[in-house]
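Undergrad: Structure of the sequence below:
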Amino acid sequence: MADPYKPVIAIAGLACETSTYTPTRTLAPAFHPVRGDEIITRAYPFLTPGEPLGDAAEWHGALIGHAMPGGVVARAAFEELAGEIVRRLTDIVANVPSLDGLWFDIHGAMVVEDMQDAEAELLRRVRGVVGQDTIVSASMDLHGNVSRELAHQTDLITCYRMAPHEDHLITKERACRNLVDVLNERVRDQRRPIKAWIPLPILLPGEQTSTRVEPAKHIYAAVDGVEDTEGVLDAAIWVGYAWADERRNRAIVMATGWEQRAVAAGAEKLARLFWDAHADFAFVGKAGSFKECIGAALKSKARPFFISDSGDNPTAGGSGDMTWGLTRLLERPEFKDPSGPTVIYASVPGPKAVETAVQAGVGATVTVTAGAEVDHVHSGPITMTGRVHAIKFGDKNAEVEVVIQVGSVYAILTRLRKPYHKEHDFTDLNLKPREADIVIVKIGYLEPELHNMAADWMLGLTPGGVDQDIERLGHHHIRRPMWPFDKKFEKEPDLRARIISMSNEPLTDPDD
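TA: Below is the predicted model:
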């Protein structure tokens, strides 16, 4: 008996959530590229031999790179990594009988210097190597942007259904499973999936679209029902990325499958749910100015009380380099004395400050200056005198971390910027967040471990490259009208599905 058909699939992609309001530049090393077979063995356990998906296809890694969110990607960095992807895919194509599919592993909100629609441009170059017949399945963040051209170039496309993104690996596995299923179906009839694409004039910050709360909760809950419809393979909703000033940025709904009527109806159902609720979105938790948040925390008996210093959130695209929040904190008289309320602040990069603290050692009193080496729009470097509480080496992001106690504030300084999302990020530094009075983190909505630790929480509407008050950022290139920048619409947006296939000419409708 002949061996069953096993499709040949390549893996490639670049991911970086990019704020055009953050002055940093993202360089090639920040993507931490993974190449060849290591993509499977290190990054995606569901593709390893012995796993159902791993055995269902012949997988070939080219290159993937996932950078921490930040500023615009330098053009030279993009060209370097995109060029290597093209070269590696060329080698794969030359050494297999045929390349049936490609998993395009991206985020969807990457901005590259002097380039529009970076993911579509990368896929255009990839298509130049793998050809138009290769079936491409893309996995994305729901904060990505799906331009008409990106939808045109892909065959299958899906995104996270949870914010926070607790389903990130589930989504990637779904993209691969969908791809294998379509390739197996294609052996029989050579069909390509049908795609329905609907743009919506909505652009919201992520902290107003958490699936923990309404209205995003019921909107995303409807995705599974659409996906379960006969003739539909996948359904997805993108809220878009609010902190990049690009024409493609807006909410998008898509459905893919085999039956045009079912695919279109499913996409239109989700689009209607989204539009009907567009004015109902609010911040995921109590929100206020930084001063209001500190005041509420001091009055509250809930401990620990978490505050998000959201404007400089490095996992949304902020530089993480701003000192605005820490400066305001250390100005407060309540925290001048070591016996005052215990506050943990995470974090500010300061390579020289870290070096000084390391040389002095734990227990020493040091005067150090940190922050604002890159992002000094809202505040300059901060100088503080305090006791070295802890030193830690070897973090994959920060490299070196130190804690300086200034009064009752324990300020975390890092060699390189780092997100603080897990309890061990603090306990590894001899800090006890559960016993602290206040914990302030550069983040938006709280990631699961922080959310579970917090007795209470507020979202600080602080300035920065990912300012939650997006209307004060100054967008010039997005399409208008766009909610919430425009509160009145002369007519309701067109929520009819646009059916897209690889043979379609690009749409000429300016709204698309």
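
Undergrad: What strand or helix carries Ala222?
TA: Using DSSP states H and E, Ala222 sits in helix 216-227.

Undergrad: Surely Lys172 and Ala138 touch.
TA: No - in this structure, Lys172 is not within contact of Ala138 by CB atoms under 8 Å, at 10.4 Å. Backbone N, C-alpha and C define where each C-beta goes, glycine included.

Undergrad: Give the residues shared as contacts by those two.
TA: Asp105 (CB atoms under 8 Å, 6 or more residues apart in numbering).

Undergrad: follow-up on the earlier one: show me which positions of the helix holding Ala222 end up buried.
TA: Buried residues in helix 216-227, defined by neighbour count with 16 or more other CB atoms under 10 Å: Ala216, Ile219, Tyr220, Ala222, Val223, Val226, Glu227.

Undergrad: Would you agree the third one is in contact with His165?
TA: Spelled out, it's Tyr220. No - counting by CB under 8 Å, Tyr220 stays clear of His165, with 12.0 Å between them.

Undergrad: just the helices in the stretch 301-450 of the chain please.
TA: 324-331, 351-360, 423-427, 448-453 (DSSP state H, counting those that start in this stretch).

Undergrad: Most tightly packed of the ones you listed?
TA: Most buried of those by mean neighbour count (mean count of other CB atoms under 10 Å) is helix 324-331; its value is a mean of 21.

Undergrad: who touches that helix?
TA: Residues outside helix 324-331 that contact it (CB under 8 Å, 6+ apart): 290-291, 294, 309, 311-312, 335, 343, 345, 348, 371, 378-379, 382, 384, 406-407, 409, 411, 440, 442, 460, 462-464.

Undergrad: for stretch 225-235, same thing?
TA: Residues from elsewhere that reach stretch 225-235 (CB under 8 Å, 6+ apart): 156-158, 174, 178, 181-182, 193, 223, 253-259, 261-263, 265-267, 269-270.

Undergrad: Next, the distance between the ends of it.
TA: From its first residue to its last, stretch 225-235 covers 9 Å (CA to CA, to the nearest Å).

Undergrad: what mean pLDDT does that stretch have?
TA: Stretch 225-235 shows a mean pLDDT of 98.

Undergrad: and what of stretch 388-408?
TA: For stretch 388-408, mean pLDDT rounds to 97.

Undergrad: List the buried residues of it.
TA: For stretch 388-408, burial by neighbour count (16+ other CB under 10 Å) applies to 388-392, 395, 397-398, 400-408.

Undergrad: what about the longest helix in the protein?
TA: As assigned by DSSP state H, the longest helix anywhere in the chain is helix 168-189.

Undergrad: That one: what's the following helix or strand?
TA: Moving toward the C-terminus from helix 168-189, the next element (DSSP H and E) is strand 194-200.

Undergrad: Quick one: mean pLDDT for that next one?
TA: Computed over strand 194-200, the average pLDDT equals 98.

Undergrad: Just the strands from the stretch 1-150 of the chain, written as ranges.
TA: Secondary structure of the stretch 1-150 of the chain by DSSP state E, counting those that start in this stretch: the strands cover 8-15, 25-26, 34-35, 58-66, 72-73, 101-105, 135-140.

Undergrad: got TSV for the ones you listed, with mean neighbour count and distance to Leu122 too?
TA: Converted to TSV, the strands of the stretch 1-150 of the chain look like this (neighbours: other CB atoms under 10 Å; distance: least, CB to CB, whole Å):
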stretch	mean neighbour count	distance to Leu122
strand 8-15	25	6
strand 25-26	21	15
strand 34-35	16	16
strand 58-66	22	11
strand 72-73	26	11
strand 101-105	27	8
strand 135-140	26	11
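
Undergrad: And the ones you listed: which comes nearest Lys491?
TA: strand 135-140 (29.8 Å; CB to CB).

Undergrad: coming back round to it: emit the ChimeraX select command for whichever of the contacts of helix 324-331 are buried.
TA: Typed into ChimeraX, the line below selects the buried ones among the contacts of helix 324-331, using 16+ other CB under 10 Å:
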select :290,294,309,311,312,335,343,345,348,371,378,379,382,384,406,407,409,411,440,442,460,462,463,464
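
Undergrad: quick one, domains of the chain?
TA: 8-282+494-500, 287-467 (automatic domain parsing).

Undergrad: Distance to Pro484 for these - can I get that in TSV?
TA: Putting those into TSV (distance: least, CB to CB, whole Å) gives the following:
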stretch	distance to Pro484
domain 8-282+494-500	7
domain 287-467	14
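
Undergrad: shaky segments in the stretch 251-400 of the chain?
TA: Low-confidence segments of the stretch 251-400 of the chain (pLDDT under 70): none present.

Undergrad: still on that earlier bit, out of the buried residues of helix 216-227, flag the one nearest to Lys418.
TA: Closest to Lys418, out of all of the buried residues of helix 216-227 and judged by CB to CB, is Ala216, at 27.9 Å.

Undergrad: got a pLDDT number for that closest one?
TA: For Ala216, the model assigns a pLDDT of 97.

Undergrad: And Arg42, by the same measure?
TA: So, for Arg42, pLDDT stands at 86.

Undergrad: Correct me if wrong: it contacts Val34.
TA: Yes - contact criterion CB under 8 Å: Arg42 and Val34 qualify, at 6.0 Å.

Undergrad: Pull out the buried residues from the contacts of stretch 225-235.
TA: 156-158, 174, 178, 182, 193, 223, 253-258, 262-263, 265-267, 269-270.

Undergrad: so of these, which ones are in strands?
TA: Secondary structure defined by DSSP state E assigns Leu156, Ile157, Thr158, Val253, Met254, Ala255, Thr256, Gly257 of these to strands.

Undergrad: Would you enumerate the residues in contact with Leu99?
TA: Val8, Ile9, Ala10, Ile92, Val93, Val130, Gly131, Thr134.

Undergrad: Which pair in these has the greatest spatial separation?
TA: The farthest-apart pair in the contacts of Leu99, when distances are taken by CB to CB, is Ile9 and Gly131, at 14.0 Å.

Undergrad: what residues are up against the residue nearest to Asp437 when sequence neighbours are not counted?
TA: Residue nearest to Asp437 in three dimensions, not counting chain neighbours: Pro341, with 4.0 Å by CB to CB, 6 or more residues apart in numbering. The contact partners of Pro341, taken as CB under 8 Å, 6+ apart, are Leu298, Glu334, Phe335, Ser408, Asp437, Ile438.

Undergrad: Go through the domains of the chain and name the closest to Ile478.
TA: Here domain 8-282+494-500 is closest among these (CB to CB), at 5.6 Å.
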